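Peer 1: give me coordinates for this.
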Amino acid sequence: MDVQRRTNAERRTILGDWDKKLALLTPSQKNTVTDLATHAEDRPMPVFPEESVSNEGDDRVERSIRGGLPQTGTGDTSRTDIQPKNIETSQQFFAWFGAIQTQMEEEQESAYRNYATTLNKYSDRCATLITEIDNAYDFFKDLDEQYEKVSTKTTKLHDACEQLVRDQTDLVNYGEAINSRLSNFTELESLSHSLKSSSLSVLNDQFVPLLTRLDNCIEYISEHPQFKESSVYLARFKQLHSRSMNLVKLHVVNTLKSATQNVLTQVQGSEDGPDSSFTLFYGKFRMHAPRIKTLMSEIERRSANNEDYAALLQDCYGCYVSQRSSLLLEPVTKKIEAIFHEHENNLPAMTRAGCIYMVRICNNEQQLYEHFFTSNGLPLYDLLENLANILYECCRPQYIAANASIDSLVDLCSVLKSEVTDNAAAGLSAFSAVAEQMLQDVRQRLSYRTQAYTSGEITNYMPSPDELDYPAKLENAKEKEETNKQDTGKEEDGKAIFEENKGVQFYETWYPTVPKTLLLLSKLYRSVGREAFEGLAQELVNGCILSLSTAFDTIKQRKGLVHGQLFLIKHLLILRDQIAPFEGSFSVRETNVDFHGFVEGLKGAYKELLKKSDKLFAFNMENSILGFLISSTPQVLETYEDARQTMDEKLKTVCQDYIQLNIKSICGGMGSFLVMVESLSADKKKNLAGLPGSAPDKVRSIAENFEEQLKTQTELIAGQLGLYLSNQKTEKIILGSIKAGVLEVYQKFLAVIHEGYSQEDVASINAISLEKVRTLNI
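Peer 2: As a prediction, the model looks like this:
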């Protein structure tokens, strides 16, 4: 039997499956089953029925049964006495004895037999229980199969229901999609009816949603041209869209024109401008602004992606700008002219007042524009530019006039720069652009005036005799300084007054073109652009250097070369120090085309062609003119002029000349003597005493003259440098260079003496020692 053949492990597996899958017991039921299993493990053996044996034998049998082993005791046992019958023969005895022996064996095996019978009963009962368990397992297996079948059918039913629900949803969505697509076509009749309605107004709350529906329909049909009759519907929708755009345009244009006409009617014959009649010029328009701005904000939002809305918006912008311009141009022009008439002789004040008025008008216009539109774009810029150009057209003739001075133009630049900066920061870019143009014009005029001033008042300056009276001019200033120092010494604020007077007198000693140049440079530096400043500064500094050179020539003729050199050194140093703070290169780079060589070559080719007239129409290199044009080009020349470099080179040259002049004046004939010795041969250099031009007496006179000049000229040179330069550092540098030059010449002189004369001649010459010359305070 299959159930009997199953192993214990299979049975445990089946029972486990039963617990896990089929017999879904509660926790309490599972605890009860566990308790029963625990008690069943220690089940006692069954009690056998009593046998007709003695107590001793029963105990022995019971112990043997429980002990699992048969008991064969030697005590007395109760057995059925088999009385011997008459035993007469041996065969009877053996029969009796066999019966007795069989009885004894049966008595001994009865316990085992009873135990075996009981075990057989248990075995039969267990087999029955296993059979019942297998039947239950088969029942539950069938139940599980049936459950799986029911579960599978339920799942399929559920999936089918879900599919039906999805199909239903798809059908509903498909129907809604069809309806949504059809709505873009069916809207045509309702939109057409709404636009044809006499009660429709662009100010109604329904107008903007109507535009939205119309835009959505046009966009959808444009994106799906494959739909049937889409082109027909698209054309009709666009006709409705054009009609709605015309309604908006007519409303805005009529509203603006009506407001403009009302203002013009009330201001006709009045001289009040927009600043004095603010309510009249701006209040009438602001009354209509809220209703129009709501509509314009929608148009501006849609104009980024729709050309029709963009065109409509530009028409509205243009109408607004034209209406405001026609309303404001005339009164603003009159007001600007009145302001200019009020400040007729003061160009900076005239410009400042005009700018203040124009900024106020521009601010008012910007605020009014923001009441109508949300974006500050090109239309507002055009409007403000038209208004600002009124100021520009009125100002330009004033500063172009020939009588506009440099100071006025400089002040005008300052005013316009502040207007450009402030209004650019305030958002008035249109007015800032016009002010920038005015500033450029003023700067151009200022550059022209500067060039004319440089030519007339600096480069070609005609000084008076007093202005060239050097060093007397410096000596008089020094005397005044000493007098002022004595007069103010006892006052409480005497030191401050003295310093102030000292500064004034110091500037008075300058040649007039130097302070003029520096003053004009300081004005230009804060008025014109950097590039223009560099060009003008280069012209100014070069002009000043030329004027100083001219004055140097005059002073040299009148007072001598030394005073001319000191004059030039003084003012070049002043000019260099004063222009150092100015940023810029003081240089210009110019590119020119040199036609001189080209023209000369062309003339030569023409002369050669005259000699070969038969080659006049030859189109090859034998035609000299054609060959020249092919092979020759004008020269492009680039020049670079740096005023700082020119000034430094000029200063270096004049300082070197001054130093060499003073070295010669101190050394006297020593220089000529050394030149003469250098021209001699080596043998003659060793015997100078025998030469007529280098006798010891003559050389002694040269040494004595040098010592005398060294004492007198050094004091004179130091005094002159202190008078002209008044700068100990610069004086020390120049004196140090002179001393070095003198020492070098004198050192050569001593070397020549010791080499070309005997010890007696050297002693008779008695030249001052080199160490003593070094110790002199030069």
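Peer 1: strands of the chain, residue ranges please.
Peer 2: 587-594, 635-642 (DSSP state E).
Peer 1: mean pLDDT lowest where, among those strands?
Peer 2: Lowest mean pLDDT within the strands of the chain: strand 587-594, at a mean of 53.
Peer 1: quick one: average pLDDT of stretch 731-745?
Peer 2: The average pLDDT within stretch 731-745 is 89.
Peer 1: for stretch 362-371, that is, sorry about that
Peer 2: 87.
Peer 1: what of stretch 88-97?
Peer 2: Mean predicted confidence for stretch 88-97 is 83.
Peer 1: give me the buried positions along that stretch.
Peer 2: The neighbour-count check on stretch 88-97 (16 or more other C-beta atoms under 10 Å) flags nothing as buried. For glycine as for every other residue, the C-beta is placed from the backbone atoms N, C-alpha and C.
Peer 1: swap in stretch 703-720?
Peer 2: Ala703, Phe706, Glu707, Gln709, Leu710, Gln713, Thr714, Ile717, Ala718, Gln720.
Peer 1: please apply the same query to stretch 301-321.
Peer 2: Buried residues in stretch 301-321 (16+ other C-beta under 10 Å): Arg302, Ser303, Asn306, Asp308, Tyr309, Leu312, Leu313, Cys316, Tyr317, Cys319, Tyr320, Val321.
Peer 1: tell me if I'm right that the second one and Tyr309 touch.
Peer 2: By that I understand Ser303. Yes. Using C-beta atoms under 8 Å, Ser303 is in contact with Tyr309, at 4.1 Å.
Peer 1: how far away is Met287 from Leu256?
Peer 2: Distance, Met287 to Leu256, using C-beta to C-beta, to the nearest Å: 12 Å.
Peer 1: the two: which has the busier surroundings?
Peer 2: Leu256 (22 against 12; other C-beta atoms under 10 Å).
Peer 1: who are the contact partners of the more buried one?
Peer 2: Phe285, His288, Cys319, Tyr320, Gln323 (C-beta atoms under 8 Å, 6 or more residues apart in numbering).
Peer 1: quick one: which of those is nearest Pro225?
Peer 2: Cys319 (35.5 Å; C-beta to C-beta).
Peer 1: so that closest one makes contact with His251?
Peer 2: No. Cys319 is beyond contact range of His251, at 11.0 Å (criterion: C-beta under 8 Å).
Peer 1: just the ones of the contacts of Leu256 in helices?
Peer 2: Phe285, His288, Cys319, Tyr320, Gln323 (DSSP state H).
Peer 1: need the residues you listed in a markdown table with distance to Cys362, can you?
Peer 2: Converted to a markdown table, the ones in helices among the contacts of Leu256 look like this (distance: C-beta to C-beta, whole Å):
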| residue | distance to Cys362 |
| --- | --- |
| Phe285 | 16 |
| His288 | 22 |
| Cys319 | 20 |
| Tyr320 | 15 |
| Gln323 | 17 |
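Peer 1: residue with max distance from the center of this protein?
Peer 2: Glu88 (149.1 Å; C-alpha atoms, centre = their mean).
Peer 1: so what's the backbone phi/psi at that one?
Peer 2: The phi and psi values for Glu88, taken as degrees, to the nearest 10, are phi -110, psi -30.
Peer 1: now Asn687
Peer 2: According to degrees, to the nearest 10, Asn687 has phi -140, psi 70.
Peer 1: just give the nearest non-adjacent residue to it, would you?
Peer 2: Nearest non-adjacent residue to Asn687, counting by C-beta to C-beta, 6 or more residues apart in numbering: Gly756, 6.7 Å away.
Peer 1: settle this for me: that neighbour is touching Lys685, isn't it.
Peer 2: Yes. Between Gly756 and Lys685 there is a contact at 5.5 Å, judged by C-beta under 8 Å.
Peer 1: what is in contact with these two at once?
Peer 2: Common contacts of Gly756 and Lys685 (C-beta under 8 Å, 6+ apart): Val677.
Peer 1: higher neighbour count, these two?
Peer 2: Comparing Gly756 with Lys685 by neighbour count (other C-beta under 10 Å), the higher total belongs to Gly756, at 21 against 16.
Peer 1: list the contacts for the more buried one?
Peer 2: Gly756 neighbours (C-beta under 8 Å, 6+ apart): Val677, Lys685, Lys686, Asn687, Leu688, Ala689, Ser694.
Peer 1: turn those residues into TSV, including distance to Leu518 and pLDDT.
Peer 2: TSV is the format used below for the contacts of Gly756 (distance: C-beta to C-beta, whole Å; pLDDT from 0 to 100):
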residue	distance to Leu518	pLDDT
Val677	50	80
Lys685	55	73
Lys686	60	75
Asn687	61	74
Leu688	56	76
Ala689	60	73
Ser694	54	76
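Peer 1: can you flag the buried ones in these?
Peer 2: For those, buried by 16+ other C-beta under 10 Å: Val677, Lys685, Leu688, Ser694.
Peer 1: specify which member of those is nearest to Leu572.
Peer 2: Top of the list for closeness to Leu572, among the buried ones among the contacts of Gly756 and by C-beta to C-beta, is Val677 at 36.9 Å.
Peer 1: stretch 372-392: how far from the chain's middle?
Peer 2: Relative to its chain's centre, stretch 372-392 lies at 29 Å (C-alpha atoms, centre = their mean, to the nearest Å).
Peer 1: how many neighbours does Gln101 have?
Peer 2: 11.
Peer 1: for Glu107, see how far away it is.
Peer 2: According to C-beta to C-beta, Gln101 stands 11 Å off from Glu107.
Peer 1: now Asn135
Peer 2: Taking C-beta to C-beta, one finds Asn135 at 44 Å from Glu107.
Peer 1: neighbour count for these two, which is higher?
Peer 2: Glu107 (17 against 11).
Peer 1: where does the more buried one land on pLDDT?
Peer 2: pLDDT, Glu107: 79.
Peer 1: got it, and the one 5 residues further on?
Peer 2: What the model reports for Tyr112 is a pLDDT of 82.
Peer 1: so what's the residue count around Leu721?
Peer 2: Using other C-beta under 10 Å, Leu721 has 23 other residues around it.
Peer 1: surely it meets Leu735?
Peer 2: Yes. Judged on C-beta under 8 Å, Leu721 makes contact with Leu735 at a distance of 6.9 Å.
Peer 1: dump stretch 397-406 to CSV, restricted to CA.
Peer 2: Extracted C-alpha coordinates of stretch 397-406, given in CSV (Å, rounded to 0.1, in the frame of the first residue of the first chain):
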residue,chain,number,x,y,z
PRO,A,397,24.0,126.9,-31.9
GLN,A,398,24.9,128.4,-28.5
TYR,A,399,28.1,126.4,-27.8
ILE,A,400,29.1,126.4,-31.5
ALA,A,401,29.1,130.2,-31.5
ALA,A,402,32.5,131.8,-31.8
ASN,A,403,32.3,133.7,-28.5
ALA,A,404,32.0,130.5,-26.4
SER,A,405,35.1,130.6,-24.1
ILE,A,406,37.1,127.6,-23.0
